[in-house]
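A.B. asks: Sequence and computational prediction follow.
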Amino acid sequence: MTKKHVLKCVCYAAALCSLQVGLATVSAEDDVTVSTQADTTQLTTTATEADSVDTSSDVSSAGDVDQNTTGTEADASTVVEDTGASVTEEAPADAPVAEEAPAEAAATEETAEKALPTEFRTEFDTFDEATMAKADWWNGNPFGAVWKPENVKVENGIMTLTIDNGTDETAPVPFISGELRTQEFFHYGTYTISMKPIKNPGTVSSFFTYTGPSDDNPWDEVDIEFLGKDTTKIQFNYFTNGEGEHEFVYELGFDASEDFHTYAFDWQEDYITWYVDGVAVHTATENIPVTPGRIMMNAWPGTGVDDWLEPYDGTTPLVAYYDWMTYEATAPKSLSSEEPAEDDVTETPDNEEVPSEDDVTETPGNEEVPAGDDVTETPAEKDSEDKGNKNVETPAAEKEAPKAGDAKVAKSDDKELPSTGEKSGLMASLVGIVLLAGAAIFKPKRRKG
């Protein structure tokens, strides 16, 4: 083989190699671009799915997932996809709480057992020993009668307490009477009675709460009392740790012994308010009792307290009548002015209505782009529409917000795509074409020569 043939083969080979290199470079650039787009699309789809998982999770459960932390989102996604477990189950910090749950449940049950009743009502249709008790003892002076169960009657929807003649070996008094009390203790709330008291000098007909040393408690008491010497008046009183002398006498405007009326008191932590037929007539606010007590009713003649009750003339029998009784654990009321209801709309100083919870709230540093249907119009936009101005500038959020189904490739600001080498690939192809053409031209000239 001559040198001319060798040179000709080398030229052909160089031209073909240059052309092949150029085409391969262009093809590699296309592959890199497509691959990059596919990877970016996959990253975008994965991030969207992770956001959906985080959004559908129970975010309210003590903030277990930080949506701004990529690692936490990935862990949450892995837990949901692989095991189906909740995010709170994955968090190691929750393990001690799960161990303490039985103790907390036991404490809750114990608290429920000690919880006081929130309501009570009796129509006095029947006597229920499970809820009520009839006294059978003597309280000592100034009570001029011994409590006897037979002097408490519950018949035809009326409970009666009767002062009558009678003696007892335990008491040096010539009368017996009745006292009814609840088995349970009650605390703050509204106590109401419908009753007719005894009208006779020297007697007391009552409705009250009481606890004391017999219950291993301080002496706390809230009273409604009718003095039989004048049943056109009602007396209110209370004791706190044995300290009394808070009497207040109210003119009723009617004779309480002639018909049933309702009398009540609202006992709260900071006050006691007494009511007559639903109307507040007196309020006390100093040294208020704090100890829960039993609800009690009794009727008795006094001894040694003639200045208070007037002398008892010994008339028997004397009967106090009770129609029904209720208790309800009511919330405290404002003593100065009525507070607005929770459902009322609160206004700002500029009389602007506070936005509801459903309105879009901007969060600094972590703003969510609202959907197209959820974008709230600003006051400026509303004014422009009312004036017929159609050239309203689109908010920046709307300009930048991608519509559903449009862009599938998300661009990351902190990641640069690899250089494609577009210029180098074209140059290699051009050189290959020139060399191939030169070899073809060179061959015939060499033959002619």
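C.D. replies: All right, it came through fine.
A.B. asks: From here on, just use CA atoms for contacts and neighbour counts.
C.D. replies: Will do.
A.B. asks: quick check: domain ranges of this structure?
C.D. replies: What automatic domain parsing lists as the domains of the chain is 1-56+67-116+428-449, 120-328.
A.B. asks: By mean pLDDT, show me the worst of the ones you listed.
C.D. replies: Lowest mean pLDDT within these: domain 1-56+67-116+428-449, a mean of 51.
A.B. asks: for stretch 168-175, how far is the first residue from the last?
C.D. replies: End-to-end distance for stretch 168-175, by C-alpha to C-alpha, to the nearest Å: 9 Å.
A.B. asks: can you list contacts of it?
C.D. replies: When contacts are defined by C-alpha atoms under 8 Å, 6 or more residues apart in numbering, stretch 168-175 is touched by residues 138, 140, 144-146, 163-167.
A.B. asks: same deal with stretch 299-318?
C.D. replies: Counting by C-alpha under 8 Å, 6+ apart, residues outside stretch 299-318 touching it are 141-145, 161-165, 177-179, 198, 200-206, 227-229, 320.
A.B. asks: Mind checking which of those are buried?
C.D. replies: 143-145, 161-164, 177-179, 198, 200-206, 227-229, 320 (16 or more other C-alpha atoms under 10 Å).
A.B. asks: picking up where we left off before, which of the contacts of stretch 168-175 fall in strands?
C.D. replies: Of those, the ones assigned to strands by DSSP state E are 146, 163-165.
A.B. asks: what's the closest of those residues to Q235?
C.D. replies: I163 (20.4 Å; C-alpha to C-alpha).
A.B. asks: neighbouring strands for the host helix or strand of A264, and are they parallel or not?
C.D. replies: Element membership for A264, per DSSP states H and E: strand 261-267. Strand 261-267 has the following strand partners under DSSP bridges: strand 189-196 (antiparallel), strand 272-276 (antiparallel).
A.B. asks: Of all the ones you listed, which one comes closest to E155?
C.D. replies: Closest among these, using C-alpha to C-alpha: strand 189-196, at 14.7 Å.
A.B. asks: and the next element down the chain from that closest one?
C.D. replies: Proceeding N to C from strand 189-196, the next assigned helix or strand is strand 203-211, under DSSP H and E.
A.B. asks: Now do that next one and strand 189-196, the angle between them.
C.D. replies: 160 degrees (axes from the mean of the first three to the mean of the last three C-alpha atoms, to 10 degrees).
A.B. asks: packing partners for strand 203-211?
C.D. replies: With contacts taken as 3 or more C-alpha pairs under 8 Å, 6 or more residues apart in numbering; DSSP states H and E, strand 203-211 sits against strand 220-227, strand 294-301.
A.B. asks: can you do 10 Å?
C.D. replies: strand 179-182, strand 189-196, strand 220-227, strand 233-239, strand 261-267, strand 294-301, strand 318-328 (3 or more C-alpha pairs under 10 Å, 6 or more residues apart in numbering; DSSP states H and E).
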